[in-house]
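1. Here is my input, please return the structure:
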Amino acid sequence: MAISVTEILGTDSLSGSRLVLNDNFNIVTSEINAMEVYFNPTAGTITNLNDVKTQSLRVGLSTILLDVNASTFDILTNVNMTGNLNLNGGGLVRNDVDPQTLNDTFAAGSPISVGTSTAVPPYTVERVGNSLGTTVNIQLNDGVIGQEIFFVYSEAQTGVISIAGASTPLVLPGGTNIELNAQGETVHLLCVDDGTGNGVWFLVGGTGYTIV
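-> Now for the predicted structure:
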């Protein structure tokens with residue numbers, strides 16, 4: 001809201017304008033105090049606003065964590081939710097695919113580790129394939145509870161891909177490994193609490209796989 005003060009002209013007497021000057025300072029001081037209810041210049045914070053309207057918003061200084069503008073809404077860090085996520089009028093698009101195919105020519109060689117002992121598997125979808133007569137082994141490291149991962153045999157090959165737990169065995173009916181050996185075969189795993197707060201991988205879906 002705009003404020004107004006009384007103008008003092010060049011022809012006015014300063015001594016005679018003392019009351020006007022004091023009133024002007026009081027008006028400005030009152031407005032600054034009113035704004036500092038919301039803005040704290042020392043702490044660099046803004047609090048207690050009822051409504052904020054802006055064309056864009058960026059959170060983060062050296063590393064941008066959130067970037068909202070006229071065309072995009074980008075969250076560039078992890079998001080922790082304690083409530084429900086409701087999607088109305090749109091779908092949920094998942095495009096978290098490893099850009100590399102885990103196959104017999106993969107640079108890491110066999111066995112291929114997915115994730116590490118200190119970092120959970122980073123991608124939701126892993127494409128696999130094998131053109132050899134020998135098995136390519138994949139070792140799946142522990143995930144976080146609620147995490148999902150898909151292995152998709154994407155190549156037109158028939159070599160065996162064998163998936164096993166790197167440190168904690170996969171929870172499977174009647175075996176320890178999952179094998180894929182044809183294009184189109186898939187396996188879907190979900191990391192579930194084992195009852196003690198640790199996550200273990202359960203087989204929850206897929207097509208064409210073999211348990212051995």
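2. Could you list the low-confidence segments of the protein?
-> Applying pLDDT under 70 to the chain flags the ranges 1.
3. which residue is nearest the centroid of it?
-> For the chain, N78 is the residue whose C-alpha lies nearest the centre (C-alpha atoms, centre = their mean; 3.6 Å).
4. show me the contacts for that residue.
-> Residues near N78 by C-beta atoms under 8 Å, 6 or more residues apart in numbering: none. No exception for glycine: its C-beta is placed from N, CA and C like everyone else's.
5. That one: what secondary structure?
-> Of the three states, N78 takes coil according to DSSP: H, G, I helix; E, B strand; the rest coil.
6. how near is it to L180?
-> Remark: distance between N78 and L180 (C-beta to C-beta, to the nearest Å) = 30 Å.
7. quick one: the residue nearest to the centre of the chain from Y153, how far?
-> N78 sits 30 Å away from Y153, going by C-beta to C-beta.
8. what's the answer for P99, then?
-> P99 is 17 Å from Y153, by C-beta to C-beta.
9. if you count what's nearby, which of these two comes out ahead?
-> Neighbours around P99 and Y153, counted as other C-beta atoms under 10 Å, are more numerous at Y153. The numbers are 25 against 6.
10. Any idea what the more buried one is bridged to?
-> Y153 forms beta bridges with V128, as assigned by DSSP bridges.
11. how about the helices of the chain, start to end?
-> Counting by DSSP state H, the chain has helices at residues 18-35.
12. what does the domain assignment say about it?
-> The record's domain parsing of the chain by automatic domain parsing lists 18-75, 112-211.
13. Columns distance to L9 on top of those, output as TSV?
-> As requested, the domains of the chain are exported to TSV (distance: least, C-beta to C-beta, whole Å):
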stretch	distance to L9
domain 18-75	11
domain 112-211	70
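14. Please name whichever of those domains is nearest to V5.
-> Evaluated with C-beta to C-beta, the domains of the chain place domain 18-75 nearest to V5, the distance being 4.2 Å.
15. What is the end-to-end distance of that closest one?
-> 55 Å (C-alpha to C-alpha, to the nearest Å).
16. got the end-to-end distance for stretch 192-210?
-> 21 Å.
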